[in-house]
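Novice: generate a structure from the sequence data that follows.
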Amino acid sequence: MLRLTNSFVIFLFSALSLAALVIEVWAFGDCLTRRASAFYAEGKLKKTTWLLLTGIAALVGVSGVPLIRGGIGFGGLLSIAAVVVAIVYLVDVRPAVRGARPQRRPRRGSW
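Specialist: Numbering: from 1, shown residues only. Alright, predicted model coming up:
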């Protein structure tokens, strides 16, 4: 019975870690595709800052997946912080940056 419970816990941690990794990689990939000027236009942190934060979150996510590392993974507070960073990007920054329109340059001349 203990062995079955242990296997279930490992499966549960693996599934949660993989879900967190998908969210973190999605946030990083989305941040790569956005224009830097959109971050400035919407009053968010710089694109390089978000790339750094989401990139580190993705690296923490990769190191926390038990199937990749073997065993349970280190998880803990660092993994939770990484998921929080990715979720903040996807929920707050992504919709604002995605809706940003390129600024039109004023026409010069009388034409």
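Novice: going forward, measure contacts and count neighbours with C-alpha atoms only.
Specialist: Will do.
Novice: pLDDT-wise, which helix or strand of this protein ranks last?
Specialist: The least trusted helix or strand in the chain, going by mean pLDDT, DSSP states H and E, turns out to be helix 66-69, with a mean of 61.
Novice: after it, which helix or strand is next? Please name it.
Specialist: Per DSSP states H and E, the first helix or strand lying C-terminal to helix 66-69 is helix 76-88.
Novice: buried residues, stretch 11-27. List them.
Specialist: Neighbour counts over stretch 11-27 (16 or more other C-alpha atoms under 10 Å) mark 13, 14, 17, 18, 20, 21, 22, 23, 24, 25, 26, 27 as buried.
Novice: now, which of those sits nearest residue 36?
Specialist: Distance to residue 36, by C-alpha to C-alpha, is smallest for residue 27 among the buried residues of stretch 11-27, at 15.2 Å.
Novice: just checking, what packs against the longest helix along the chain?
Specialist: Counting residues, the longest helix found in the chain (DSSP state H) is helix 2-33. In terms of contacts (3 or more C-alpha pairs under 8 Å, 6 or more residues apart in numbering; DSSP states H and E), helix 2-33 is packed against helix 47-64, helix 66-69, helix 76-88.
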